[in-house]
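model this:
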Amino acid sequence: MLLALKLALVPGLIAAVTLGARRWGPRVGGWLGALPLVAGPVLLFLSIEQGAAFAARAAEATLAGLVAVAAFALGYAWTAVRRPWRPSLAAGWVAFGAATAALQGIPWQPLTALAAAVAGFGLALAGLPRAPARVQTLAPPRWDLPLRMAAALALVLAVTGLADRLGPRLSGALTPFPVATAILLSFTHAQQGAPAALAFLRGFLPGMWSFALFCFVVALALEPLGRAPAFAAALAAQLATQAVVLRALRAGRNA
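Now for the predicted structure:
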């Protein structure tokens, strides 16, 4: 039953976000990409398979690891100004790996990790390069959507399958590995160009503030409240904050 849920949930979420981005454009696609598409299900599965204490520690590590996601976004963005998606993706992953390694030695607490994640995404948003406003639109190939879904599923199976060996801290640190983001961003870049990739990031980075809040609530609430109330509260906080971010994005676009 749990394996069937893994096989269906994350690929289904990736498919929904992909279709939403095609319908409403790369900036809204970036906003949708900030939803807990992979990390949310991974933390849920860890709480079922490893227990509430393990998953709470993993959520705390995930929260701290979001600083590395901001580094990924900057590494990708500055490379994408001059290079195609492959070297841009490599640069983003190198930035993520370096930041993750640097973060491992810090004794994080939920509040300090939340502050670091919020600051990291704010600085990354301010540090994005400028790009031409024109966005090209190409029809996606047939294999586009299945490949996105398969890549996201691979991370969920890998992290949850290796959780016993990795422990909560490393499991949590690897949970925000930007697989879903990399899939959505690199496909956007390949099919619509660097301006669309940067537009994606301009929607993605402010949306990640609500992602950080999701991890923060899970880290604090999972043990005292239990699985269902903790994840419900975290998702409610995420969606409320995400709605505010979407309103701000729309106001900025219409200004």
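
now do the strands in the stretch 151-255 of the chain.
With DSSP state E, counting those that start in this stretch as the criterion, the stretch 151-255 of the chain has no strands.

my read: Ala71 touches Ala95, true?
Yes. Using CB atoms under 8 Å, Ala71 is in contact with Ala95, at 4.3 Å. The C-beta positions use only the backbone N, C-alpha and C, and glycine is treated the same way.

which residue sits closest to Ala55, ignoring its sequence neighbours?
Ser47 (3.6 Å; CB to CB, 6 or more residues apart in numbering).

where's that neighbour relative to Phe54, distance?
8 Å (CB to CB, to the nearest Å).

those two: which has the busier surroundings?
More crowded of Ser47 and Phe54, by other CB atoms under 10 Å: Ser47, with 24 against 19.

and the helix or strand harbouring the more buried one, what does it pack against?
Here Ser47 sits within helix 39-50, counting by DSSP states H and E. Judged by 3 or more CB pairs under 8 Å, 6 or more residues apart in numbering; DSSP states H and E, the packing partners of helix 39-50 are helix 2-24, helix 52-80, helix 144-161, helix 163-174, helix 194-225, helix 227-254.

try 7 Å this time
On a contact count with 3 or more CB pairs under 7 Å, 6 or more residues apart in numbering; DSSP states H and E, helix 39-50 meets helix 2-24, helix 52-80, helix 144-161, helix 163-174, helix 194-225.

could you check the angle helix 52-80 makes with it?
150 degrees (axes from the mean of the first three to the mean of the last three CA atoms, to 10 degrees).

show me how far helix 39-50 is from its chain's centre.
Here helix 39-50 is found 15 Å from its chain centre; the criterion is CA atoms, centre = their mean, to the nearest Å.

cool, and stretch 46-58?
Taking mean C-alpha positions (CA atoms, centre = their mean), stretch 46-58 and its chain are 20 Å apart.

for the remainder of this discussion, apply numbering that starts at 57.
Okay, residue one is now 57; in that scheme the one you just asked about reads as stretch 102-114.

buried sites along it?
102-103, 106, 108, 110-114 (16 or more other CB atoms under 10 Å).
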